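A.B. asks: Fold the following for me, if possible:
(4 chains)
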Number of protein chains: 2
Amino acid sequence: MIVAASNRLHVNKHNVTSIDVARLADVSQSAVSRTFTPGASVSEQTRARVMEAATKLGYRPNAIARTLSTRLSRMIAVVVSNLQNQFYPVVIEQLSQRLQQDGYHVLLFITDVEEADELLGELLRYQVDGIVMASASLSSALAQQIAEARVPVVMFNRVSRAGSISTVSSDNHGGGRAVAHFLAGGGHQRIAYLAGAEDSSTNHDRESGLADGLAERGLRIAARGVGHYEFERAAHATLELFTQGSSADRPDALFVASDHMAFAAMDTLRGALGLRVPEDVSVIGFDNVQQAEWGAYQLTTVEQDVGAMIESTVGMLMRQLQNDAVTRDHAVIPARLVVRSSARVPT
Amino acid sequence: MIVAASNRLHVNKHNVTSIDVARLADVSQSAVSRTFTPGASVSEQTRARVMEAATKLGYRPNAIARTLSTRLSRMIAVVVSNLQNQFYPVVIEQLSQRLQQDGYHVLLFITDVEEADELLGELLRYQVDGIVMASASLSSALAQQIAEARVPVVMFNRVSRAGSISTVSSDNHGGGRAVAHFLAGGGHQRIAYLAGAEDSSTNHDRESGLADGLAERGLRIAARGVGHYEFERAAHATLELFTQGSSADRPDALFVASDHMAFAAMDTLRGALGLRVPEDVSVIGFDNVQQAEWGAYQLTTVEQDVGAMIESTVGMLMRQLQNDAVTRDHAVIPARLVVRSSARVPT
DNA sequence: CTGAAAGCGCTTACAG
DNA sequence: CTGAAAGCGCTTACAG
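C.D. replies: Modelled structure (predicted):
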């Protein structure tokens, strides 16, 4: 008894428990628990007494203890890899706020592709109620593990090869196709593509959309570079694309797989290469991040509807949570071209 | 008993516990716990048997249960308000990775100033081991609550008025002063200041640094606008600053309290106002976010050393965690001027 | 080194 | 509506 007391004093982390409240309010501990459980049956009288005691003591229900007994943590793991790309901060911001609205909390994991596997184990130890993967594609081994653990997952802005997991993405193919028609309509002849990560579904779909759209106009992708969705590598790839071959071969338009890379491309075009945008070369990006509207870029780009994507993601998660079942939905959100002045406009 | 079993089947969330492992390995549950507790005493033999059983069953220790008995969650709450400002994504990214290295996890809260109070209660329920506040300044009421809860806090990039809480910030005053000397040295006569949020310590210190530096050169702040650290409001304030009064009164230099706002200012200067930077007006920002290096801006700015700030923050947190005590340190990280081409360079 | 047992702070049938 | 009690899955003195 004495040991316990001194121990308690030592640890001393605001140790007001439901038992303390119960004692002060002169009710059972169950009664305290019930007044803090929405929908539980307590009389107005005891609720009032409990609340009074609780505020007097500064009682704060321990969410960890609740999690242990209910098996519901009300935490969602959000896994992201690339905050350098301006698209993701807004995703995180909006997703967090949306989840907070519903009384969920975000356990954030920053990772690159390699670490994803070990991370997942770590994340499952925390009994998260669900997972949003906005980083790498899951390996099938990982997808398997998650399925066994029976925790709802949705992949954000990527489609899994495994196919066994819910996904939310924009209509990347449609977006690429719209770009093709816009550029073809603008009279461009030599249209180049600056790719993101080769193994990503977004890159694949945007490129095939472009290719398909151009084919419909009797054109094809004239040249191709790879920027891996990174700024520096995009700048480098742009330089290569526009210096190889004779100047007659030079592309007159460049579709870049992300805005983030498009800014690098424009800088390189205008700086190192001394070209004008869009007079000498048209540039089109993908995402429509806030910087696309900045005066110095005025980037024509395909907009991803982040709000709709998040709504869809959270909806899927909540449905799985409620049904206590893991399902496989695939949402494809329409993407539209936002026309600014970095690409020649069809007349 | 039957009820319990069917219940277990129903919930069914990868329910392998240390007891299951113990049974299979034919040891006590304590032995299982010990083999997963670094530093606990287990013989090599039993450890091996436990590990074999554990991998066979896919056992994953429940971190929530551990938290309940140790009172240590290994979760750190990170509170941020403004991810639109490009400075914060990199802070979150680096902070998360640094914390993950040390085996901590990030519980992310996005909030604006108003919600901060209710949020805090929520956050303390989750038994976080520490808090990094990178959003609003804490109200003194809040600071009080946290102190009572005995959870280590550090304010990141802001100094609390209360003074009772650890803080990490750049040398904002020194940065402002360096800007003053640089602009004075460049022969500017009418130096204006575009403020961030009026009640923030960063804004206050940057402005007083500018004022003090100018005073040392026999100058003073010639004009002043307020952008509240927001893009649109900064654009608007810039427009006002440069259209009021006669054109002879027009500022020839503008120090902006953050890069984020500086981009808006440059866009407005060059777009709506048709002025050249730096020929007609020099612009200097604060933060040195990645966009400051973009070709179209080439922003001269005061760099915040994010790496050092984070190292300091995590160090403070860990020290408090180890000493089981809440202390009050104040770290001020040196800030240096990064010279690019948005401001006339002293000769 | 090892096991039995108490305890962390809740929730929730169960019986009244 | 209410209370006593079992249980969630761990950690950790304690005694051997």
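A.B. asks: So which bits of the stretch 51-200 of chain A are right by chain B?
C.D. replies: Within the stretch 51-200 of chain A, the positions near chain B by CB under 8 Å from any CB of the partner chain are A:58, A:60-65, A:67-68, A:71, A:73, A:75, A:78, A:83-84, A:86, A:88-90, A:92-93, A:96-97, A:100, A:105-110, A:121-122, A:124-127, A:148-151. Placement of C-beta: from N, CA and C, glycine included.
A.B. asks: Roughly how far does residue A:219 sit from DNA strand D?
C.D. replies: 59 Å (CB to the nearest atom of the strand, to the nearest Å).
A.B. asks: Now do that residue: how many residues are near it, please.
C.D. replies: Around residue A:219 there are 18 other residues, counting by other CB atoms under 10 Å in any protein chain shown.
A.B. asks: pretty sure residue A:339 contacts residue A:346?
C.D. replies: No - contact criterion CB atoms under 8 Å: residue A:339 and residue A:346 do not qualify, at 9.7 Å.
A.B. asks: shared neighbours of these two, which are they?
C.D. replies: residue A:182 (CB atoms under 8 Å, 6 or more residues apart in numbering or on different chains).
A.B. asks: Tell me which residues touch the residue positioned nearest the centre of chain A, please.
C.D. replies: By CA atoms, centre = their mean, the mean C-alpha position of chain A lies nearest to residue A:134, the distance being 4.1 Å. Residues counted as contacts of residue A:134 (CB under 8 Å, 6+ apart) are A:78, A:79, A:80, A:81, A:88, A:91, A:92, A:155, A:156, A:157, A:158.
A.B. asks: Go through stretch A:305-315 and flag the buried ones.
C.D. replies: Residues of stretch A:305-315 classed as buried: A:305, A:306, A:309, A:310, A:311, A:312, A:313, A:314 (neighbour count, 16 or more other CB atoms under 10 Å in any protein chain shown).
A.B. asks: ok, which stretches of chain A are strands?
C.D. replies: A:75-80, A:105-110, A:130-134, A:153-156, A:166-170, A:191-195, A:223-226, A:253-256, A:282-287, A:300-303, A:330-333, A:336-338 (DSSP state E).
A.B. asks: helices or strands up against the last one?
C.D. replies: Think strand A:336-338. helix A:172-185, strand A:300-303 (3 or more CB pairs under 8 Å, 6 or more residues apart in numbering or on different chains; DSSP states H and E).
A.B. asks: Mind listing residues that contact the last one?
C.D. replies: Read it as strand A:300-303. A:170, A:175-176, A:178-179, A:182, A:259, A:262, A:282-288, A:292, A:335-343.
A.B. asks: One more pass at 6 Å, please.
C.D. replies: A:175, A:259, A:284-286, A:288, A:292, A:335-340, A:342-343 (CB atoms under 6 Å, 6 or more residues apart in numbering or on different chains).
A.B. asks: filter those residues to the buried ones?
C.D. replies: A:175, A:259, A:284, A:285, A:286, A:288, A:292, A:335, A:337, A:340, A:342, A:343.
A.B. asks: Next, give me the two most distant ones among these.
C.D. replies: Between any two of the buried ones among the contacts of strand A:300-303, the greatest separation by CB to CB is 17.4 Å, found for A:335 and A:342.
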